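A.B. asks: Need coordinates for the below:
(one chain, ligands or ions: 2)
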Amino acid sequence: MTNQIIALANQKGGVGKTTTSINLGAALAQAGKRVLLVDIDAQGNATSGLGVDKSEVEHDIYDVIVDQLPIQEAIIATDNYDLVPSTIQLSGAEIELANQDAREDRLKQALNTVRDNYDFILIDNPPALGLLTVNAFTAADAVLIPVQTEFYALEGLGQLLNTIELVRQQFNPELDVAGILLTMYDGRTNLAKQVAQEVRSYFSDKVYDTMIPRNVRLSEAPSYGQAIIDFDPRSVGAKVYTQLAQEVIAQYGDK
Ligand code: ADP
Ligand code: MG
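C.D. replies: Ligands and ions are numbered 1, 2, ... in the order given. Reported below is the predicted structural model:
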């Protein structure tokens, strides 16, 4: 029994949070783990990437966080695992929550009621360090940080780590960094190699061994509403996310 809650976060957009949420979730499910993915980005990219038509969603994460709808009523089954969807409704949530009690605690309260049903709960975060991300960090055991392997890789990581530290002090002393994941790695360029080396020397064993290469199949899969292991099981993308899942299972599997 694991019951690990992992928030995937980086306030930079386009670094691979959603791609990793969808595909790590699918690879964990394929390894026999019970998985729930919670989409807390108003863009709802994880929701549509898993083949869910947002216009047909009855209850979403907004209803859970803002109106305190029991989360069970918002959970839907997708091909491989469960999802709490998000829609554009969520874009007003931070303002609506601003004057409410225990506003940092909403997601945690909701997840407490279902966490025993899952080995891994993944939270796909918006590209911001606002109240929704604070909700995710308050609910989570650990933060997985996807970092795009490019020149500005480390930029903004200080702010992210500060936010994690603030949440530790105020709401969740046990919050851990699960690890840094290097994404969109292009091994043909010296720059990518240098950046990967720099990140590893700075964060040492906090960086996952698995690196996610640039792989066009990974960017095509969402428009078919499929995780990469279903869309193209023989692709490099499928292989590396399966490998990442093995690392995450080794990290938390026996806890
Ligand atoms: P975020 O959620 O951090 O904003 P996404 O996961 O949505 O980032 O990725 C941003 C864009 O890059 C998307 O179009 C996605 O399909 C694409 N992408 C993500 N990871 C890869 C990869 N390893 N190879 C190629 N394209 C990728
Ligand atoms: Mg995203």
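
A.B. asks: Touching, residue 78 and residue 52? I think so.
C.D. replies: Yes - shown here, residue 78 and residue 52 form a contact pair, counting by CB atoms under 8 Å, at 6.6 Å. To be clear about C-beta, it is placed using only N, CA and C from the backbone, and glycine gets the same treatment.

A.B. asks: and the residue in the stretch 101-250 of the chain positioned nearest to ligand 1, which of the three is it?
C.D. replies: Residue nearest to ligand 1 within the stretch 101-250 of the chain: residue 219 (3.5 Å; CB to the nearest ligand atom). At residue 219 the chain is in helix, as set by DSSP: H, G, I helix; E, B strand; the rest coil.

A.B. asks: again with the one 10 residues further on
C.D. replies: Here residue 229 is recorded as helix under three-state DSSP.

A.B. asks: State the pLDDT value of the residue lying farthest from the centre of the chain.
C.D. replies: What lies farthest from the middle of the chain is residue 190; by CA atoms, centre = their mean that is 28.6 Å. According to the prediction, residue 190 has pLDDT 95.

A.B. asks: cool, and residue 96?
C.D. replies: 92.

A.B. asks: ok, the residue farthest from the centre of the chain - contacts?
C.D. replies: If you count contacts by CB atoms under 8 Å, 6 or more residues apart in numbering, residue 190 has none.

A.B. asks: Residue 16 now?
C.D. replies: 146, 148, 181, 183, 184, 212.

A.B. asks: switch to 6 Å and redo it
C.D. replies: When contacts are counted by CB atoms under 6 Å, 6 or more residues apart in numbering, residue 16 touches 146, 183.

A.B. asks: and what of residue 81?
C.D. replies: Contacts of residue 81 by CB under 6 Å, 6+ apart are 25, 29, 35.

A.B. asks: hang on, the earlier thing: any idea how far the residue farthest from the centre of the chain is from residue 151?
C.D. replies: Between residue 190 and residue 151 the computed distance is 12 Å (CB to CB, to the nearest Å).

A.B. asks: Chain neighbours aside, what residue packs nearest to the closest residue to ligand 2 within the chain?
C.D. replies: Proximity of the chain to ligand 2 (CB to the ion) peaks at residue 18, 3.3 Å away. Counting by CB to CB, 6 or more residues apart in numbering, residue 18 lies nearest to residue 45, which is 4.5 Å off, once chain neighbours are set aside.

A.B. asks: Quick check: the one you found touching residue 20?
C.D. replies: No - at 11.8 Å, residue 45 does not count as touching residue 20 under the criterion of CB atoms under 6 Å.

A.B. asks: What's the mean pLDDT across stretch 52-68?
C.D. replies: The predicted confidence, averaged over stretch 52-68, sits at 97.

A.B. asks: Please work out which residues outside that stretch touch it.
C.D. replies: So stretch 52-68 is contacted by 40, 44, 47, 69, 71, 73-74, 84-87, 89-90, 93, 96, 106, 110 (CB under 6 Å, 6+ apart).

A.B. asks: Please identify the buried residues of that stretch?
C.D. replies: Buried residues in stretch 52-68, counting neighbours by 16 or more other CB atoms under 10 Å, are found at 52, 54, 57, 59, 60, 61, 62, 63, 64, 65, 66.

A.B. asks: Could I get the contacting residues of the closest residue to residue 171 other than its chain neighbours?
C.D. replies: Nearest in space to residue 171, with sequence neighbours left out and distances taken as CB to CB, 6+ apart, is residue 138 at 4.3 Å. Contacts for residue 138 (CB under 6 Å, 6+ apart) come out as 104, 108, 171, 172.

A.B. asks: Let's verify the last one: helix, strand, or coil?
C.D. replies: Using three-state DSSP, the secondary structure recorded for residue 172 is coil.
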